[in-house]
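Colleague: below: sequence and its predicted model.
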There are 2 protein chains.
Amino acid sequence: MNPDSESDAAAHLELFPSGHSTAASANTVLPEATVRRLTSYLRALDLVNEEQTTVSSQGLAEAAGTNSATLRKDLSLMGTYGRRGVGYDVKLLRELLENTLGLNREWRVMLVGAGNLGRALAGYAGFSSHGFRFVGVVDNNPDLVGMKIHDLDVSSSDKISAIVTEHRANLAVVTVPGAAAQHVVDELVEAGVRNILSFAPVRVTVPAGVTVRRVDVAREIQMLAYFAVAGGGMDK
Amino acid sequence: MNPDSESDAAAHLELFPSGHSTAASANTVLPEATVRRLTSYLRALDLVNEEQTTVSSQGLAEAAGTNSATLRKDLSLMGTYGRRGVGYDVKLLRELLENTLGLNREWRVMLVGAGNLGRALAGYAGFSSHGFRFVGVVDNNPDLVGMKIHDLDVSSSDKISAIVTEHRANLAVVTVPGAAAQHVVDELVEAGVRNILSFAPVRVTVPAGVTVRRVDVAREIQMLAYFAVAGGGMDK
DNA sequence: ATTTGTGAAATTATTCACAGCT
DNA sequence: AGCTGTGAATAATTTCACAAAT
């Protein structure tokens, strides 16, 4: 199973069950590890020299923190054609990655939870530059309702459904405490949201067809602690 | 290589190179995937009934979102002994997990970046409850210097080294913009910090022996977008 | 009667290495 | 000569399935 994804929506069937899966094009779902690296490749593309119109698997892989064989395998899964002896066209590759990742669409994001974390995310440039636009913010703290966060009015939490509908939100970011998370997610799902990024430190359950990805900060710092102790990065 | 870890410090040698790696006890470094799940098991333990003194691999795995075989394999890597026909002792298992993950130590955490994200993390209860204590906060925004964040005074960024030394910080959390990240990390490393959790959206380079774990929020939302599109969770 | 611990099998992911194109 | 695309080889991880323990 998928370690960070909490629904079955990401665990997919092979659409060409038998042998001939050569150059799968956009039909097969890519492995999660590959998708993770695709985001790195996209970011690494920003680092290539402005004048450079082409980039080698070697060069890009280094910037992205992998090796060239992995990169070529990854790209070949999307049916990409670089040019032998030359490399990959930078512009084309960026488009391919953006299309594959679904960043060419408009994602209308509903933010639930307007605390420090929510505010940090609402202001994060890395979202807006890739098609993610916040269309609504709610919080159940009355002190926050009415405040403005990056041009958006904070509404009361009982408006979730209305706002999702009005702005046709197709993605939600949840930054509420663990105790509130399941309830909030239920409401979002009920309102029709099928894609949720949750920062709450609990596992939530959702119906089939809904994907929840979780960012678990506590887990990350715990894993850091483990490798520090096990790997000798612990002083005294 | 390790997808989320940016130094070699987490990629370790097998300490018993040849065959007999049965019941590895605390000597071998665990696979990253196992460590990730250990954090889930620890969290799932909080969900077991107060009166329940023992838990089965089946029950705990379900709460943690895996299957029982994986859980038993994971625990067996730490040389654990549950009791056949009975299960695992809840209290003992929690201790084992905390010890293994290094959560029984005191982690003195230096926070660099006191923006919304930094403040959110400084106030996050999930840290303090597992041995992570913030000992200093710096920011290079003069407006923030002198402010208090959860009992800590925000200092100017040029105090990094002094504060790390004074409080013997052994872990740092970095929430600065990408452009500042490498510089900040260099200073932390120079000051002796060997374990860094970075939220900056860039890859940083560090000397061998220093571990950087990165939490990349942009990546997570992009991956969510991919699975939404590829998996049919995209309306219209 | 349960439930662990673990070899063996199956599956998945990564890396090698080189033929084939430019 | 340089660099991709990809089968084949290797490595890592997960799952099966059952003997051993209580």
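Modeller: Alright, I've got the coordinates.

Colleague: now do the helix or strand of chain A with the lowest mean pLDDT: everything it contacts.
Modeller: Least confident element among the helices and strands of chain A, by mean pLDDT, DSSP states H and E: helix A:125-128 (a mean of 90). Helix A:125-128 is contacted by residues A:109, A:121, A:134, B:201, B:217-218, B:221 when judged by C-beta atoms under 8 Å, 6 or more residues apart in numbering or on different chains. Where you see a C-beta, it was placed from the backbone N, CA and C, and this is true even at glycine.

Colleague: quick one: which of those is nearest to B:Glu32?
Modeller: B:Val217 (20.0 Å; C-beta to C-beta).

Colleague: how much space between the closest one and B:Val185?
Modeller: 18 Å (C-beta to C-beta, to the nearest Å).

Colleague: please say which of the two ends up with more neighbours.
Modeller: Neighbours were counted for B:Val217 and for B:Val185 using other C-beta atoms under 10 Å in any protein chain shown; B:Val185 has more, 25 against 20.

Colleague: now the helices: where do they sit in chain A?
Modeller: A:32-45, A:57-64, A:68-77, A:90-101, A:116-122, A:125-128, A:160-167, A:178-191, A:217-231 (DSSP state H).

Colleague: let's have these in JSON lines, adding distance to B:Leu171.
Modeller: JSON lines is the format used below for those (distance: least, C-beta to C-beta, whole Å):
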{"stretch": "helix A:32-45", "distance to B:Leu171": "25"}
{"stretch": "helix A:57-64", "distance to B:Leu171": "26"}
{"stretch": "helix A:68-77", "distance to B:Leu171": "30"}
{"stretch": "helix A:90-101", "distance to B:Leu171": "32"}
{"stretch": "helix A:116-122", "distance to B:Leu171": "20"}
{"stretch": "helix A:125-128", "distance to B:Leu171": "25"}
{"stretch": "helix A:160-167", "distance to B:Leu171": "37"}
{"stretch": "helix A:178-191", "distance to B:Leu171": "23"}
{"stretch": "helix A:217-231", "distance to B:Leu171": "7"}
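
Colleague: report the angle between the strand ranked longest in chain A and helix A:178-191.
Modeller: Counting by DSSP state E, the longest strand found in chain A is strand A:132-139. Computed by axes from the mean of the first three to the mean of the last three C-alpha atoms, to 10 degrees, the angle separating strand A:132-139 from helix A:178-191 equals 120 degrees.

Colleague: counting by contacts, list what strand A:132-139 packs against.
Modeller: Judged by 3 or more C-beta pairs under 8 Å, 6 or more residues apart in numbering or on different chains; DSSP states H and E, the packing partners of strand A:132-139 are strand A:107-112, helix A:116-122, strand A:152-156, helix A:160-167.

Colleague: apply 7 Å and report the result again.
Modeller: Here strand A:132-139 touches strand A:107-112, strand A:152-156, helix A:160-167, going by 3 or more C-beta pairs under 7 Å, 6 or more residues apart in numbering or on different chains; DSSP states H and E.

Colleague: please identify the most buried of those.
Modeller: strand A:107-112 (a mean of 24; mean count of other C-beta atoms under 10 Å in any protein chain shown).

Colleague: stretch A:178-190 and chain B in contact?
Modeller: No - judged by C-beta under 7 Å from any C-beta of the partner chain, stretch A:178-190 makes no contact with chain B; its nearest approach is 8.7 Å.

Colleague: residue contacts, A:Gly54?
Modeller: For the record, residue A:54 is Thr, not Gly. A:86-90 (C-beta atoms under 7 Å, 6 or more residues apart in numbering or on different chains).

Colleague: which of these sits closest to DNA strand C?
Modeller: Of all the contacts of A:Thr54, DNA strand C sits closest to A:Val86, with 5.8 Å by C-beta to the nearest atom of the strand.

Colleague: what about that closest one, how many neighbours?
Modeller: 11.

Colleague: contacting residues for it?
Modeller: A:Thr54.

Colleague: ok, now with 10 Å
Modeller: The contact partners of A:Val86, by C-beta atoms under 10 Å, 6 or more residues apart in numbering or on different chains, come to A:53-56.

Colleague: please apply the same query to A:Val217.
Modeller: Here A:Val217 is in contact with A:117, A:199, A:201, B:117, B:120-121, B:124, B:126-127, B:173, B:197, B:199, B:215 (criterion: C-beta under 10 Å, 6+ apart).

Colleague: same question for stretch A:193-210: list its buried residues.
Modeller: Neighbour counts using 16 or more other C-beta atoms under 10 Å in any protein chain shown place A:193-204, A:206, A:210 of stretch A:193-210 among the buried residues.

Colleague: ditto for stretch A:137-152
Modeller: Buried residues in stretch A:137-152 (16+ other C-beta under 10 Å): A:137-139, A:144-145, A:149, A:152.

Colleague: quick revisit: may I see the buried residues of stretch A:193-210 organised as JSON lines, with pLDDT and distance to DNA strand C added?
Modeller: As requested, the buried residues of stretch A:193-210 are exported to JSON lines (pLDDT from 0 to 100; distance: C-beta to the nearest atom of the strand, whole Å):
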{"residue": "A:Val193", "pLDDT": "98", "distance to DNA strand C": "27"}
{"residue": "A:Arg194", "pLDDT": "97", "distance to DNA strand C": "23"}
{"residue": "A:Asn195", "pLDDT": "97", "distance to DNA strand C": "21"}
{"residue": "A:Ile196", "pLDDT": "98", "distance to DNA strand C": "22"}
{"residue": "A:Leu197", "pLDDT": "98", "distance to DNA strand C": "21"}
{"residue": "A:Ser198", "pLDDT": "98", "distance to DNA strand C": "22"}
{"residue": "A:Phe199", "pLDDT": "98", "distance to DNA strand C": "25"}
{"residue": "A:Ala200", "pLDDT": "97", "distance to DNA strand C": "26"}
{"residue": "A:Pro201", "pLDDT": "95", "distance to DNA strand C": "25"}
{"residue": "A:Val202", "pLDDT": "95", "distance to DNA strand C": "23"}
{"residue": "A:Arg203", "pLDDT": "95", "distance to DNA strand C": "20"}
{"residue": "A:Val204", "pLDDT": "96", "distance to DNA strand C": "24"}
{"residue": "A:Val206", "pLDDT": "96", "distance to DNA strand C": "22"}
{"residue": "A:Val210", "pLDDT": "95", "distance to DNA strand C": "22"}
